[in-house]
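> Here is a sequence with its predicted model. Questions after.
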Amino acid sequence: MMIKAMSQAGLNLFIPMELLINSLNALTLSEKRQISQLLNEAIADAEGENGRENETTKREIQLMGDEYANGNYSQFSNIQEQLKQGAIKRAERDLGLVEEWFNLEEEAC
């Protein structure tokens with residue numbers, strides 16, 4: 001298995017998992033804590049982005065339901081189109097991630 005890493009300069013590197021694990025094992029406790037903190041922050045950021053997307057979608061669905069219940073069907077159509085476009089955008093993003101990971105797995109084999 002290969003891990004893709006991005007440096008601050010934007011260089012893409014492919015690091016074999018075994019080499020990464022060996023490198024982590026060679027770190028001091030302080031360095032391991034720094035890596036752990038960076039990973040925790042990156043995970044929290046990613047989870048926050050997903051949470052914001054979910055909350056936005058929930059608000060849009062609630063607005064759509066309210067407008068429809070009030071007989072404002074034009075707003076319903078507009079929000080419906082926005083939701084559709086958002087779903088398409090997320091699907092394209094997800095497809096890119098799958099293709100990236102599939103390429104990583106092929107290279108690892």
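Perfect, thanks for sending it.
> got a list of contacts for stretch 54-62?
Residues outside stretch 54-62 that contact it (C-beta atoms under 8 Å, 6 or more residues apart in numbering) are 79, 82-83, 86. Where C-beta positions appear, they are placed from N, C-alpha and C, glycine not excepted.
> Can you pull out the low-pLDDT segments for this protein?
For the chain, the stretches with pLDDT under 70 are 1-13, 50-52, 73-77, 104-109.
> Going by secondary structure, the residue nearest the centre of it is in what exactly?
The centroid of the chain falls nearest to Ala46 when counting by C-alpha atoms, centre = their mean (5.6 Å). Using DSSP states H and E, Ala46 maps to helix 29-69.
> The residue of the chain most remote from its centre in helix, strand or coil?
Distance from the centre of the chain peaks at Gly71, with 36.7 Å (C-alpha atoms, centre = their mean). With DSSP: H, G, I helix; E, B strand; the rest coil as the basis, Gly71 sits in coil.
> tell me the secondary structure for Leu27?
Classified using three-state DSSP, Leu27 is coil.
> who's in contact with it?
Counted by C-beta under 8 Å, 6+ apart, Leu27 has contacts Ile35.
> ok, now with 10 Å
33-35 (C-beta atoms under 10 Å, 6 or more residues apart in numbering).
> Just put these in JSON lines and tack on distance to Ala91 and neighbour count.
Converted to JSON lines, the contacts of Leu27 look like this (distance: C-beta to C-beta, whole Å; neighbours: other C-beta atoms under 10 Å):
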{"residue": "Arg33", "distance to Ala91": "38", "neighbour count": "11"}
{"residue": "Gln34", "distance to Ala91": "36", "neighbour count": "12"}
{"residue": "Ile35", "distance to Ala91": "33", "neighbour count": "12"}
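> Adding distance to Ile15, write those residues out as CSV.
Shown next, in CSV, are those (distance: C-beta to C-beta, whole Å):
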residue, distance to Ile15
Arg33, 21
Gln34, 18
Ile35, 13
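> Go through those residues and name the one nearest Asn22.
Ile35 (13.9 Å; C-beta to C-beta).
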